[in-house]
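1. Okay, predicted coordinates and the sequence, questions at the end:
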Amino acid sequence: MTSSSGKAAARRVIVVGAGEVAESCWLPGAALLRWPVQVLDIDRDRAASLATGAGRLVQSVESLAEAAPADDDIVVVATPPETHGAVAREAVAVGARRLVIEKPPFASSVDMDETLAVLRRQPTAVEVAFIRRAWGPIATAARLYPSWRESFGALVRVRVTEGRPYGWRSRASSERGIAGLSSMFLAELPHPLDALFRIAGWTGTPTVALREVRIEPLDVDVELSLELDGGAGASGVGLRILGSRTVQLPNALDFGFERGSVTVEMEPNGGIVVRSGSGRTLVSCDGMSTGVESMFAALLSTAASKPLTAAPDELEAWRGPLAVIEAVENPT
């Protein structure tokens, strides 16, 4: 389906999951595009209430089968991570060919493989809702990373620093309290790990050796070694993951090369600091719109125009970060 401008357009956006993200992100994004929305949830009252308060372009339905997605419709999977694969498979079974899956796309390698097997039997366009990869510092770092490796030598260590204090403006923070948020920390790792793998160009599944892991009620400190197969050209990169629910840590990626280091802020308007023998350099970052509506509208627009394929690269790119997360979640 095309618009008068000739650009691909979706007849509908079908949002599976009527939770906080659907309300604050997906519905505003679709509204900016003026695309009609159908929303569904196992809590049918919640879906109906969300639709009623969202305006005339939003309706609620009881199931994906009732929604009956057409080829040019977009199905947004905004349910809890452990259900993403099952919802994606169900969507494809009832006719969906364009999917946007919330991060993380899968909670396990088994779920990922089962879903990919279904998707490969039917050409599908898949987009994963990793917002950070489009932020200025991440996009700029991905563009400059090859020049850093050329100037500073091989990458030897990376540190992921993630702060998510109680000051979250979310329903979860007010309902659960600070201790109730501790179990959510590992669920946030997909964002920085996706950014790390995207910047470094790593693909496939790294061989992960867990050297030390300390996971306390409100803090995480994990050290791993990654044995990479080609790609970045480094055979042994130390990875340290730091995070806290109680302290305002900077959201950052620190890259340590043989002859220099780079810090990338993981914020919409963050920056990049390069340190080498010649001193300290600030890098100006590529800009982008940081409004929630525009970011999610851009994701929907991309999903609408993406070519259908039997091998979704967006999902295959998740295999490496998932291997790291599974090692952290299941230390031996």
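-> Received it, and whenever you're ready, just let me know what you need. Remember, predicted model here, so these are calculated numbers, not experimental data.
2. so what's the residue nearest to G136 when sequence neighbours are not counted up against?
-> Nearest residue to G136, sequence neighbours excluded (CB to CB, 6 or more residues apart in numbering): C285, at 3.7 Å. Just so you know, the C-beta spots here come from the backbone N, C-alpha and C atoms, and that holds for glycine as well. Residues in contact with C285 (CB atoms under 8 Å, 6 or more residues apart in numbering) are G136, P137, A139, T140, G270, G271, I272.
3. Residue most distant from the centroid, the protein?
-> With distances taken as CA atoms, centre = their mean, the residue sitting farthest from the centre of the chain turns out to be S278, at 35.3 Å.
4. And it, how close does it get to G260?
-> Using CB to CB, to the nearest Å, S278 is found at 9 Å from G260.
5. returning to that earlier point: may I ask which of the contacts of C285 has the most neighbours?
-> Per-residue neighbour counts (other CB atoms under 10 Å) across those peak at P137, which has 25 neighbours.
6. where does that one land in three-state SS?
-> Following DSSP: H, G, I helix; E, B strand; the rest coil, P137 is assigned to helix.
7. which ones are touching it?
-> Neighbouring residues of P137 by CB under 8 Å, 6+ apart: V264, E265, M266, E267, G270, G271, I272, C285.
8. surely the fifth one meets W135?
-> So that's G270. Yes - counting by CB atoms under 8 Å, G270 sits close enough to W135 to count as a contact (7.3 Å).
9. which stretches of the stretch 51-200 of the chain form strands?
-> With DSSP state E, counting those that start in this stretch, the ranges of strands along the stretch 51-200 of the chain come out as 58-60, 74-77, 98-102, 125-129, 155-163.
10. Backbone dihedrals for the residue nearest the centre of the chain, both of them.
-> The chain has F130 as the residue nearest its centroid, 2.7 Å off, counting by CA atoms, centre = their mean. The phi/psi pair for F130 (degrees, to the nearest 10) reads phi -90, psi 100.
11. wait, what's in contact with it?
-> Contacts of F130 (CB under 8 Å, 6+ apart): K103, P190, H191, D194, A195.
12. go again using 10 Å as the cut-off
-> Applying CB atoms under 10 Å, 6 or more residues apart in numbering to F130 gives the contacts 101-105, 138, 190-191, 193-195, 198, 299, 314, 317-318, 321.
13. Using ChimeraX, define a selection of the buried residues within the residues you listed.
-> To isolate the buried ones among the contacts of F130 in ChimeraX, judged by 16 or more other CB atoms under 10 Å, type:
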select :101,102,103,104,105,138,190,191,193,194,195,198,299,314,317,318,321
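14. Return the member of the contacts of P137 nearest to L308.
-> Closest to L308 out of the contacts of P137 is M266 (31.7 Å), distances taken as CB to CB.
15. What about the closest one, how many residues nearby?
-> The number of residues packed near M266 is 21, by other CB under 10 Å.
16. Quick check, it in contact with A139.
-> No - at 11.8 Å, M266 does not count as touching A139 under the criterion of CB atoms under 10 Å.
17. Mind listing the shared neighbours of the two?
-> With CB under 10 Å, 6+ apart, M266 and A139 have common neighbours R132, A195.
18. quick one: the helices in the stretch 151-300 of the chain?
-> 171-180, 185-188, 190-200, 292-305 (DSSP state H, counting those that start in this stretch).
19. tally of neighbours for G320?
-> Neighbour count for G320, taken as other CB under 10 Å: 23.
20. what does A86 give?
-> Residues near A86, counting by other CB under 10 Å, number 14.
21. what's near enough to touch the nearest residue to it once chain neighbours are set aside?
-> Nearest residue to A86, sequence neighbours excluded (CB to CB, 6+ apart): D111, at 7.8 Å. D111 makes contact with P81, E82, T83, H84, G85, A86, A88, R89, P105, L322 under the criterion CB under 10 Å, 6+ apart.
22. And A31, by the same measure?
-> With CB under 10 Å, 6+ apart, A31 has these contacts: V13, V37, A54, G55, L57, V58, E293, F296, A297.
23. do G163 as well
-> Listed by CB under 10 Å, 6+ apart, the contact set of G163 reads E188, L242, G243, S244, R245, T246, V247, Q248, L249, P250, N251, A252.
24. Can you give the domain ranges for the protein?
-> What automatic domain parsing lists as the domains of the chain is 13-130+292-311, 136-287.
25. Kindly check the end-to-end length of the shortest one for me.
-> Just to be clear, that refers to domain 13-130+292-311. This stretch, domain 13-130+292-311, spans 23 Å end to end (CA to CA, to the nearest Å).
26. go on, stretch 303-315?
-> Taking CA to CA, the first and last residues of stretch 303-315 lie 14 Å apart.
27. swap in stretch 261-273?
-> 8 Å.
28. Repeat that for stretch 103-122.
-> End-to-end for stretch 103-122, by CA to CA: 22 Å.
29. Could I get the buried residue list for it?
-> So for stretch 103-122, counting by 16+ other CB under 10 Å, buried means K103, P104, P105, F106, A107, D111, M112, T115, L116, V118, L119.
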